[in-house]
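Undergrad: With the sequence up front, the predicted model follows.
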Amino acid sequence: MYREMLPAVKIRLFNYTNQGGRINLTLDAWTSSNRIAYLGITGHWMDSDYVLQNIVLAFSRLHGSHTGENLANTVYHTLLLYGIEQSLGCITMDNASVNDKLCKQLEQKLCSIRQGWKRKDGQVRCMPHVLNLAAQKILAVLKAEATIPEER
């Protein structure tokens with residue numbers, strides 16, 4: 001199904017980016033319970049009617065570990081596959097330190113193609129992830145136990 005839809009998705013993205021549009025990405029990498037690593041990549045943009053468009057661009061099995069270089073290579077090849085390497089907007093991802101390395105590597109790869117994409121402007125940290133981390137820290141500090149037994 002993916003292969004059948006690929007040409008239509010490429011045309012759809014080309015029609016949008018050919019008019020100067022930018023494609024924003026969200027990324028998430030994880031390892032399954034059977035120790036297989038994956039990277040999901042979704043694309044997002046607003047069409048001419050200001051309707052948010054979302055599309056799964058890749059669900060890639062990673063060969064090797066979650067290194068910045070490995071992840072950047074996967075993102076870069078996905079951008080090339082769809083022809084959107086010159087139209088990259090922002091990339092939203094969690095706060096894992098490997099994502100800083102991913103963006104640094106991707107910036108270097110895109111430098112020769114597109115001078116405008118810089119990780120300092122294009123890397124966006126996922127706010128719900130930031131709030132979750134903050135809440136976990138607060139709950140860890142508040143290890144208070146109830147002094148009055150609960151009534152049943």
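TA: Noted; the coordinates are in hand.
Undergrad: use CA for all of it now, contacts and neighbours both
TA: Noted.
Undergrad: Next, count neighbours for residue 13.
TA: By other Cα atoms under 10 Å, 20 other residues sit near residue 13.
Undergrad: tell me the contacts of it?
TA: 82, 84 (Cα atoms under 8 Å, 6 or more residues apart in numbering).
Undergrad: Quick check: pLDDT value at the residue most central in space within the chain.
TA: Geometric centre of the chain, nearest residue: residue 27, 1.9 Å, by Cα atoms, centre = their mean. Among the per-residue scores, residue 27 shows a pLDDT of 93.
Undergrad: Please name the nearest non-neighbouring residue to it.
TA: Distances taken as Cα to Cα, 6 or more residues apart in numbering place residue 41 nearest to residue 27, at 4.8 Å, with adjacent residues excluded.
Undergrad: State the three-state secondary structure for residue 48.
TA: Three-state call for residue 48 (DSSP: H, G, I helix; E, B strand; the rest coil): coil.
Undergrad: Can you give me the neighbour number for it?
TA: By other Cα under 10 Å, the residues close to residue 48 number 9.
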